[in-house]
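J.: next one to model:
(3 chains)
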Amino acid sequence: MFNVHLIPMAENIQHNSRNYRNIRKKLLPWFSRFQRLLPWRENRNWYTVWVSEVMLQQTRVEQVIPFFNRFMKAFPDVWKLADAPRQNVLKLWQGLGYYSRAGNMHRAAQIIVDTYHGRLPETLKEVRRLPGFGEYTGRSVLSLAFNQPLAVVDGNVKRVLARLFADETDTRPSASNRHFQILADRLLDRDHPAVFNEAMMELGALVCTPSNPGCNSCPLQLHCRAHSHGETAKFPVRSAAPAKRVVHSICAIIICDNKLLLARKPDKGLLGGMWEFPQIEITPVVDSGNRPDNLRIMKKIPQAVYLRKLQYITHTYTHFRAIVHPLLLNVEKEIELVGNGYSEIRWTVTEQLKKYPLPGWMLKLIKRESELLKIIADGNVKKIPVAGHVSVAYK
DNA sequence: AAAGCGGGGAC
DNA sequence: GTCCCAGCTTT
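T.: Got it, this is the predicted structure:
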């Protein structure tokens, strides 16, 4: 006769099945009303789910949308993706970052076509063997595409769970995923796993945001331990990120007639498979004028005539900050540039630059120096104003 | 367990 | 400027 349980008090917000049921009962209607209209939510199948989930790794929804649409138009099914040249896949990924995702997807597509006749294997154990299918992606594709009862744990889910249960586990280490996976497994709505997983992530993206969470419009407000304690700002607990290093490098823009030298980075490692003007790292910078460092690159390309240096480019990566100092060089004949750590060298006219997959700092540089590139394209290298000189006597 | 791996938007 | 995002792979 006393319906005290209809109003969950802080003390009643526990890990128990009644509370879980109440949470699911609030969460799913909220999702059906407030979910966003997203391209990968139309005509859903495992391929569209897969492409979107991979693109969404460490990447916001708004940033992914145009990339997803272009990608699906170019590679509408797994056979088209498997048959495409790697460079085409990388080009579609240009600007999205974490380029190994594109290579892994491409390899996985070929395995799916060659070994599984173009069908995705439908067990977690099997999909986890495919390149790029980690614990999250394996679970999300099987859950969202086939409605399998597999709970997912991403950044959103960890944040929602940490606040919901005032859980003090440090969410930064990847090892914390194991802890939150157990909580998510228990909370999962096994009757509606796909909707539940999407609802948890959507709640984290739209309401239970990292800063200034919208608790007043949250369907789980009455069930949230952090909110009931007035401590939403304290959750999730997250240790500080390590400091970023600063790395200086020189890149050589080598001109031969109306062509430029482009180099392809090895498939593994930073910006794997992408093309750039060849670089050498010069950290630590020797002096403020960079003169000895300019000499270092001139020694590597003794055939080159030094024209001038351009304004540096700064670019921030996940774990370091890069400062690239471009040098403009001129050669009479197309040189080889051997033993440089690159997988391939190609001389290209400036109009063809846009055909190559280029990293962000290259796009910045090309945009800033568009006038210069135009002069080169017209074959007017001699009209480029020369500033400074590095003597070959220093070789 | 820890480190390497992009880019952009919110604050 | 700092933080963090629908994480995976390698060591």
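J.: and A:Thr123, what does it touch?
T.: With contacts defined as CB atoms under 8 Å, 6 or more residues apart in numbering, A:Thr123 is in contact with A:Leu142. For glycine as for every other residue, the C-beta is placed from the backbone atoms N, C-alpha and C.
J.: how's chain A carved up into domains?
T.: A:11-234, A:245-394 (automatic domain parsing).
J.: deepest-packed of those domains, please.
T.: Among those, ranked by average contacts under mean count of other CB atoms under 10 Å, first place goes to domain A:11-234 (a mean of 18).
J.: picking that back up, which of the domains of chain A has the lowest average pLDDT?
T.: Note on the domains of chain A: lowest mean pLDDT is at domain A:245-394, with a mean of 86.
J.: tell me where the stretch 101-250 of chain A has strands.
T.: In the stretch 101-250 of chain A, strands defined by DSSP state E, counting those that start in this stretch lie at A:245-256, listed in chain order.
J.: how about the residues of it that lie near DNA strand B?
T.: Counting by CB under 7 Å from any atom of the strand, the residues of the stretch 101-250 of chain A lying close to DNA strand B are A:Pro173, A:Ser174, A:Ala175, A:Thr209, A:Ser211, A:Asn212, A:Pro242.
J.: contacting residues around the first one?
T.: Going back to what we said before, that points to A:Pro173. Contacts were defined as CB under 8 Å, 6+ apart; by that measure A:Pro173 touches A:Ser239.
J.: roughly how far does it sit from A:Thr318?
T.: Between A:Pro173 and A:Thr318 the distance, using CB to CB, to the nearest Å, works out to 16 Å.
J.: how about the second one?
T.: Distance of A:Ser174 to A:Thr318, computed by CB to CB: 14 Å.
J.: and if you look at the fifth one?
T.: Spatial separation of A:Ser211 from A:Thr318 under the definition CB to CB is 21 Å.
J.: cool, the fourth one as well?
T.: To A:Thr318, A:Thr209 is 22 Å away according to CB to CB.
J.: show me what residue of chain A gets nearest to DNA strand B.
T.: With CB to the nearest atom of the strand, the shortest gap between chain A and DNA strand B falls at A:Gly97, namely 2.5 Å.
J.: phi and psi next, for the closest residue to that residue other than its chain neighbours.
T.: With sequence-adjacent residues excluded and distances taken as CB to CB, 6 or more residues apart in numbering, A:Gly97 is closest to A:Thr59, at 7.0 Å. Note on A:Thr59: backbone dihedrals following degrees, to the nearest 10 are phi -140, psi 140.
J.: so what's A:Thr59 up against?
T.: With contact set as CB under 8 Å, 6+ apart, A:Thr59 has these partners: A:Leu96, A:Gly97, A:Tyr98.
J.: so can I have CSV of those showing distance to A:Ile313 and secondary structure?
T.: Compiled in CSV, the contacts of A:Thr59 are given as follows (distance: CB to CB, whole Å; DSSP: H, G, I helix; E, B strand; the rest coil):
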residue, distance to A:Ile313, secondary structure
A:Leu96, 20, coil
A:Gly97, 17, coil
A:Tyr98, 20, coil
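J.: which of those residues lies closest to A:His325?
T.: Distance to A:His325, by CB to CB, is smallest for A:Gly97 among the contacts of A:Thr59, at 23.1 Å.
J.: elements contacting the host helix or strand of A:Phe71?
T.: With elements delineated by DSSP states H and E, A:Phe71 resides in helix A:61-74, which encompasses its position. With contacts defined as 3 or more CB pairs under 8 Å, 6 or more residues apart in numbering; DSSP states H and E, the secondary structure elements packing on helix A:61-74 are helix A:46-55, helix A:86-93.
J.: among the ones you listed, which is nearest A:Val381?
T.: Comparing these against A:Val381 with CB to CB, the closest turns out to be helix A:86-93 (28.2 Å).
J.: so that closest one versus helix A:61-74, what angle?
T.: Put simply, helix A:86-93 runs at 140 degrees to helix A:61-74, going by axes from the mean of the first three to the mean of the last three CA atoms, to 10 degrees.
J.: need the residues that contact helix A:86-93.
T.: Outside helix A:86-93, the residues that touch it by CB under 8 Å, 6+ apart are A:67, A:70-71, A:74-75, A:81, A:99, A:101-103, A:105-106, A:273-274, A:355-357.
J.: nearest to DNA strand C, of the domains of chain A?
T.: domain A:11-234 (2.4 Å).
J.: do the closest one and DNA strand C meet at all?
T.: Yes: applying CB under 7 Å from any atom of the strand, one finds domain A:11-234 in contact with DNA strand C at A:38, A:40, A:52-53, A:56-61, A:98, A:100, A:104, A:131-138, A:140, A:154-156, A:158-159, A:174, A:198, A:201-202, A:204-205, A:210.
J.: from those residues, which ones fall inside helices?
T.: A:52-53, A:61, A:100, A:104, A:135-138, A:140, A:155-156, A:158-159, A:198, A:201-202, A:204-205 (DSSP state H).
J.: which bits of the stretch 251-395 of chain A sit near DNA strand B?
T.: Within the stretch 251-395 of chain A, the positions near DNA strand B by CB under 7 Å from any atom of the strand are A:Gly269, A:Leu270, A:Leu271, A:Gly272, A:His315, A:Thr316, A:Tyr317, A:Thr318, A:His319, A:Pro359, A:Gly360, A:Trp361.
J.: just to revisit the earlier point, make TSV out of the helices and strands packed on helix A:61-74 and add distance to A:Arg368.
T.: Putting these into TSV (distance: least, CB to CB, whole Å) gives the following:
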stretch	distance to A:Arg368
helix A:46-55	28
helix A:86-93	21
